[in-house]
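>>> below is the sequence, then the predicted model.
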Amino acid sequence: MSTLLHIDASVHSAKNANPNHDSISKNIAKKFVNHLQQNNAIAEYIYRDVGMNPPSFINQSWVGAVFTPANKLTLEQKEVLAESDELINELVKADTIVISTPMYNYGMPAQLKAWFDQIVRINKTFDFDLQRGDFPLQPLLTGKRLLVITSTGEFGFEAGGIRESMSHLVPHIKTLSKYLGAEHIDEIACEYQEFNDQRHQRSLTNAYAKAEQLALRYAN
């Protein structure tokens with residue numbers, strides 16, 4: 001059994017009075033998590049809805065505290081870093097990470113970027129050594145599995161797709177995934193939402209089916 005860290009980034013709730021406003025990405029993630037729980041595959045479940053409860057944006061005080069030696073931090077600086085410490089501790093504990101997110105303006109929601117900014121932190125999730133030459137940053141976490149669940153209004157953002165060059169969501173998450181300690185990444189994508197036609201329904205059905213299949217794999 002594993003410790004699961006589940007990050008939802010949509011600004012919509014999973015269920016709303018108007019079903020047209022239900023978050024697709026959250027509901028697919030919920031399907032995955034429910035199947036894991038039914039198979040008793042989760043020892044500890046850590047949930048963050050950053051879409052509804054966004055982390056703080058980093059600022060100059062945060063950066064200053066991050067680059068201050070731990071034994072010289074003031075009480076005020078420790079308070080500035082408290083949120084980051086909490087989010088990083090959740091990440092460190094996790095064996096499996098689920099990030100569900102819509103695509104906003106061809107990239108990740110600002111709330112999800114804020115979460116990444118809080119947890120990608122020197123001497124916590126990476127270290128820095130100029131002796132490594134042109135690649136001085138090295139991730140400190142390893143051994144985790146990452147499932148990325150996305151929903152998009154358009155389609156064709158995959159490798160070789162007609163909108164591949166416009167996708168700044170999954171590629172960005174994959175770039176940052178090494179700082180999460182992710183060594184294996186799975187993807188579930190639901191497309192065509194703005195078209196609201198048979199292609200969207202087919203994509204949604206396939207996404208739910210893949211969530212079930214991956215849950216069985218993750219449970220074993």
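Arrived safely, thanks for sending.
>>> for stretch 14-24, measure first residue to last.
7 Å (C-alpha to C-alpha, to the nearest Å).
>>> same question for that stretch: list its buried residues.
Ala14, Ser23, Ile24 (16 or more other C-beta atoms under 10 Å). Glycine gets a C-beta too; all of them are placed from N, C-alpha and C.
>>> do stretch 3-13 as well
Within stretch 3-13, judged by 16+ other C-beta under 10 Å, the buried ones are Thr3, Leu4, Leu5, His6, Ile7, Asp8, Ala9, Ser10, Val11, His12, Ser13.
>>> show me which of these is closest to Tyr47.
Proximity of the buried residues of stretch 3-13 to Tyr47 (C-beta to C-beta) peaks at His6, which lies at 4.9 Å.
>>> in this structure that closest one contacts Tyr45, no?
Yes. Under the criterion of C-beta atoms under 8 Å, His6 makes contact with Tyr45 at 6.9 Å.
>>> which helix runs longest in the chain?
If you go by DSSP state H, the chain has its longest helix at helix 198-219.
>>> now it: average pLDDT?
The pLDDT scores in helix 198-219 average 97.
>>> next: stretch 36-48.
Mean predicted confidence for stretch 36-48 is 95.
>>> one step back: among the buried residues of stretch 3-13, name the ones in strands.
Thr3, Leu4, Leu5, His6, Ile7, Asp8 (DSSP state E).
>>> off-centre distance for stretch 4-11?
6 Å (C-alpha atoms, centre = their mean, to the nearest Å).
>>> where does confidence bottom out across the buried residues of stretch 3-13?
Lowest confidence among the buried residues of stretch 3-13: Ser13, with 92.
>>> measure it to Thr101 for me?
15 Å (C-beta to C-beta, to the nearest Å).
>>> same check on Lys72?
Counting by C-beta to C-beta, the gap from Lys72 to Thr101 is 37 Å.
>>> pLDDT weak spots in this structure?
1 (pLDDT under 70).
>>> distance check, the residue of the chain most remote from its centre against Gly181.
Largest separation from the mean C-alpha position in the chain: Lys72, at 32.0 Å (C-alpha atoms, centre = their mean). Per C-beta to C-beta, Lys72 is found 28 Å from Gly181.
>>> same check on Lys15?
The value you get for Lys15 to Gly181, if C-beta to C-beta is used, is 32 Å.
>>> re the thing from before, any chance of JSON lines for the buried residues of stretch 14-24, columns distance to Gln118?
Output for these, formatted as JSON lines (distance: C-beta to C-beta, whole Å):
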{"residue": "Ala14", "distance to Gln118": "24"}
{"residue": "Ser23", "distance to Gln118": "22"}
{"residue": "Ile24", "distance to Gln118": "25"}
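>>> tell me which of the residues you listed is nearest to Ile122?
Ser23 (33.3 Å).
>>> got the contact list for that closest one?
Asp8, Ser10, His12, Ser13, Ala14, Gly51, Pro102, Ser151 (C-beta atoms under 8 Å, 6 or more residues apart in numbering).
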